[in-house]
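Asks: 3D, please:
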Amino acid sequence: MSHQNYGLISIDTGYFVPLQRIDVQVSINGLIASVKSELHYVSDKDENTETVFVFPLDSDAAVYEFEAEIDGKTIVAEVQEKSQAKETYQDAVASGYTAVYMSEADNAGDTFRLKLGNLPAKAAARLTLRYVQEVDVSSDKIGTFMLPRALNPRYVPKCSSQNSPSDASFRIHTIQSGVTYCPDFTMNLNAVIAGGTRMVDLTTKWEFDVLAEKMDEMISSSKQLDNGIDFSIVLHYKGFEQPGVVLETGSADKNNPFLSTDVLMVNFSPNFENLENQVPCEFVIIIDCSGSMMGSRMEKAKETLLLILKSLPVNCKFTIIRFGSRFSSLFLESSKYDENSLKVAMQLQKNLQADMGGTEILKPLENVFKNRLSGCHSRQIFLLTDGAVYNVPELVQLVRKQKNTRVFTFGMGDGCSTELIRDVAKAGNGKATFVKDSDRLQSKVMSVLKASIQSEITDVTLTWSLPTGCTAINVPENVPAIFDGEMFILYCIISGNVEESLFGKSSVVLTGHAGDKTLDYKMNFVLGSKKQTDADNLYPIHRLAAKASLTEMEISNVKESLMVSLSTTTNITCKYTAFVGVDKHSKGIVAKGFSVKKQTEKGDYMAYLAKNLAMRKKPTERFYGVEERTQTSTSVMMQLIEIQAFDGSWQLTDNFSKILGNTMEQLRRESPVADIDIWATALAVAFLRKNFLEQREEWEMVEEKALKWLSTKTNDGKDVLQEASKILS
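Replies: Below is the predicted model:
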């Protein structure tokens, strides 16, 4: 599979400015990753050049600082409204000044494009970015921070109108030839982990244990990374069962209405009593069969589909949709899950191939939503793709309009679009999961399948109880998706006399509905200020809260002026803003750039927030998690699961006996009951428990179906599971 790699390229000639070195510093403290990336280039041209720099970044990353150092001169960029930033840049370049411009790529919020105008001949350039990001945390308290290095091309159908920007001077053509590296190029990663112990160093990832009682201690590690492969830092959190609360005090600059506030970050895992599981569902499994899925990714997808099919509850409906540049549905409409429909689906699973061309997701989704839900079923969509498309906003708005539907997304492989996977899941009240090429997909999908059969928790609100004189405003406002036992992060602005309220007893109550039931979960905490560090002057919690709010506003189609207001106030870009900077020795040109022809409507984000607080008594917050597992060979396990019947039972056949390593006659002789199917099912469960305990998450729902089936049978007073365990011991 080809990658559209990142690099610094001359706009006029296509010449690549050689990349000498990349230095990345990552500091992870609890659930927050702070990153500083420095990219060192050198031009060997004899004339000034204008270049473009393309690079990938997680769509949830809050980029708040960008600067360029060229031959000892530093250009510090600031965030402006996009048309204003473009004019500032163009005026500077036309006048012969060195200038920089950086924004999210049009229709690709996880790709940044930077223009460096008038790069001097034979000059050395150092580009520095700083950003903060939440660590993705799974239900079993495993966190993942991913450093993206692969950038896949965005697929655009031939008939699509989703093209490059209309402004011809800012149109950036697809880059296919990759990065030009200096002969001695290196990419150096240095990481500092608070509370980290027991590091495992692998080619594509580091793994650490992170101990809650040792958060004041730091562990550091350095590594040279391979080119063009995403790198992950996996964190096994230990002792983090208790809720975490951090109050980040604001800056002394009262002219900045957002950064001067105090922001509270709270994380906890709500557990709701009497939450109903296995509600009637319609499962729609949408699998990317485009050419880029060829090889190991398709094999993972086939094994995953097998596990899903065998784990579906017996009271559900389902269908499978394959897509590429076209799509095909297994059934005209979702079919009842029974022996016949499972047989048809299994035939499709065996013949699944990556043979359907490009990646067009919109049409299969539109086809799904044309079909009405039947009865009391809720729709659960699983979207598995390794792709990236230009029409993410269109997909998001389509998903956002749906009722009684959840969309769970799975991004497969290096370079998958984080914007596509995250934003579609957020709009669909689901979860986003990423699976690197070296990861095992199956365990992650099964974890999500278990979440999908939980009753959806809707109408979620937060009620704060703070010390006298303090009030809370949630940032952002809404909580579209909460899952029982999943890590949940929220932010709020604290107003009032915070200093006098420190260490005061506080609480937050999360309330929602699951069907006709009202659920609530209360978390008590003490309002206390966090310890100050050198990084605190960068206000990471403020930036994360602002980024979460900008993402919500974009999905909800909030007025552009309000997004510009928050973006420029916090120096974090959004789709309507951009970084721009001019050589600091040329101050006159900057002033000229601020006089633009286009007048944009002024917005006041803080006023908007206060107004909505009055209208919404209980605004709320969101979080999405990701899981990690170690890859294990499980071919025998998959063979056993493949022959399970739709109702959860197994039959004693020659194939079954071979998988268990016995003859059919021997197993039949050992049966303590007359019904041989009961005995075979008990043997299968005992075999899974004995040999595949580490993969239990993958076959847990398969086992659950088997146990339910066994509970409906008469076992002649015998404990068949215990007898089966004895035989296999």
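Asks: Show me what the strand or helix carrying Q20 is packed up against.
Replies: Secondary structure from DSSP states H and E places Q20 in strand 19-29. In terms of contacts (3 or more CB pairs under 8 Å, 6 or more residues apart in numbering; DSSP states H and E), strand 19-29 is packed against strand 32-42, strand 142-147, strand 181-194, strand 231-238. To be clear about C-beta, it is placed using only N, CA and C from the backbone, and glycine gets the same treatment.
Asks: Can you lay out the ones you listed as TSV showing mean pLDDT?
Replies: What follows is these, written out as TSV (pLDDT from 0 to 100):
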stretch	mean pLDDT
strand 32-42	90
strand 142-147	90
strand 181-194	82
strand 231-238	92
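Asks: Of all these, which one is nearest V673?
Replies: strand 142-147 (40.8 Å; CB to CB).
Asks: Of all the residues in the closest one, which ones are buried?
Replies: I142, G143, T144, F145, M146, L147 (16 or more other CB atoms under 10 Å).
Asks: and that strand, which strands flank it?
Replies: strand 136-137 (antiparallel), strand 231-238 (antiparallel) (DSSP bridges).
Asks: between it and strand 181-194, how big is the angle?
Replies: Interaxial angle, strand 142-147 versus strand 181-194 (axes from the mean of the first three to the mean of the last three CA atoms, to 10 degrees): 150 degrees.
Asks: Alpha carbons only: can I get strand 142-147 in PDB?
Replies: Provided in PDB are the C-alpha atoms of strand 142-147 (Å, rounded to 0.1, in the frame of the first residue of the first chain):
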ATOM      1  CA  ILE A 142      -4.800   0.500  29.000                       C
ATOM      2  CA  GLY A 143      -3.900   3.900  27.600                       C
ATOM      3  CA  THR A 144      -2.500   4.600  24.100                       C
ATOM      4  CA  PHE A 145      -0.700   7.600  22.700                       C
ATOM      5  CA  MET A 146       0.000   7.300  19.000                       C
ATOM      6  CA  LEU A 147       2.600   9.300  17.100                       C
END
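Asks: Figure out how far it is from the centre of its chain.
Replies: Averaging C-alpha positions (CA atoms, centre = their mean, to the nearest Å) puts strand 142-147 10 Å from its chain's average.
Asks: what residues does it touch?
Replies: 24, 26, 28, 31, 33, 35, 58, 133, 135-138, 189, 210, 230-237, 434, 436, 626-628 (CB atoms under 8 Å, 6 or more residues apart in numbering).
Asks: Next, the angle from it to strand 32-42.
Replies: Strand 142-147 and strand 32-42 meet at an angle of 20 degrees, taking the same axes, to 10 degrees as the criterion.
Asks: still on that earlier bit, mind checking which of the helices and strands packed on strand 19-29 is nearest R669?
Replies: Nearest to R669, of all the helices and strands packed on strand 19-29, is strand 142-147, at 44.6 Å by CB to CB.
Asks: right, and Y491 touches A472 too?
Replies: No - look at Y491 against A472 with CB atoms under 8 Å: they stay out of range, at 9.9 Å.
Asks: Could you tell me which residues touch both of these two?
Replies: L264.
Asks: For E134, grab phi and psi.
Replies: Backbone torsions of E134, given as degrees, to the nearest 10, read phi -70, psi 140.
Asks: number of nearby residues for it?
Replies: Neighbour count of E134, defined by other CB atoms under 10 Å: 24.
Asks: Which strand residues bridge it?
Replies: With beta bridges defined as DSSP bridges, E134 has these partners: I32.
Asks: Quickly name whichever of the buried residues of strand 142-147 is closest to Q442.
Replies: Closest to Q442, out of all of the buried residues of strand 142-147 and judged by CB to CB, is I142, at 15.7 Å.
Asks: Distance check, the closest one against T511.
Replies: To T511, I142 is 29 Å away according to CB to CB, to the nearest Å.
Asks: Then P56?
Replies: From P56 to T511 the distance is 39 Å (CB to CB).
Asks: quick check: mean pLDDT across stretch 359-373?
Replies: Mean per-residue pLDDT for stretch 359-373: 90.
Asks: quick one: contacts of that stretch?
Replies: So stretch 359-373 is contacted by 155, 157, 282, 284, 286, 288, 290, 292, 321, 323-327, 329, 333-334, 379, 381, 383, 385, 387-389, 391, 394-395, 398-399, 402, 404-405, 420 (CB under 8 Å, 6+ apart).
Asks: among those residues, which ones are buried?
Replies: Among those, those buried by neighbour count (16+ other CB under 10 Å) are 155, 157, 282, 284, 286, 288, 290, 292, 321, 323-324, 327, 329, 334, 379, 381, 383, 385, 387-389, 391, 394-395, 398-399, 402, 405, 420.
Asks: taking those residues one by one, which sit in strands?
Replies: 282, 284, 286, 288, 321, 323, 327, 329, 379, 381, 383, 385, 405 (DSSP state E).
Asks: Just put those residues in JSON lines and tack on pLDDT.
Replies: What follows is these, written out as JSON lines (pLDDT from 0 to 100):
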{"residue": "E282", "pLDDT": "93"}
{"residue": "V284", "pLDDT": "96"}
{"residue": "I286", "pLDDT": "95"}
{"residue": "D288", "pLDDT": "93"}
{"residue": "I321", "pLDDT": "96"}
{"residue": "F323", "pLDDT": "94"}
{"residue": "F327", "pLDDT": "95"}
{"residue": "S329", "pLDDT": "95"}
{"residue": "R379", "pLDDT": "92"}
{"residue": "I381", "pLDDT": "94"}
{"residue": "L383", "pLDDT": "94"}
{"residue": "T385", "pLDDT": "91"}
{"residue": "T405", "pLDDT": "90"}
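Asks: What ranges does the stretch 401-550 of the chain have for its strands?
Replies: Secondary structure of the stretch 401-550 of the chain (DSSP state E, counting those that start in this stretch): strands located at 405-412, 432-435, 458-465, 470-474, 488-496, 504-514, 517-527.
Asks: list the buried ones in the last one?
Replies: Right, the one you point to is strand 517-527. So, applying 16+ other CB under 10 Å, buried residues of strand 517-527: L519, Y521, M523, F525, L527.
Asks: so what does it touch, helix or strand wise?
Replies: Using 3+ CB pairs under 8 Å, 6+ apart: strand 517-527 touches strand 244-248, strand 262-268, strand 504-514.
Asks: re the thing from before, would you tell me which one of the strands paired with strand 142-147 is buried the most?
Replies: Ranked by mean neighbour count, the strands paired with strand 142-147 are led by strand 136-137 with a mean of 26 (mean count of other CB atoms under 10 Å).
Asks: Buried residues, stretch 635-647. List them.
Replies: By 16+ other CB under 10 Å, the buried positions in stretch 635-647 come out as M637, M638, L640, I641, E642, I643, Q644, A645, F646, D647.
Asks: Name the nearest residue to the third one, sequence neighbours excluded.
Replies: Residue nearest to L640 in three dimensions, not counting chain neighbours: I659, with 5.1 Å by CB to CB, 6 or more residues apart in numbering.
Asks: how deep is the one you found tucked in, by neighbour count?
Replies: As a burial measure, I659 scores 18 neighbours (other CB under 10 Å).
Asks: Would you confirm that it belongs to a strand?
Replies: No - counting by DSSP: H, G, I helix; E, B strand; the rest coil, I659 falls outside a strand, being helix.
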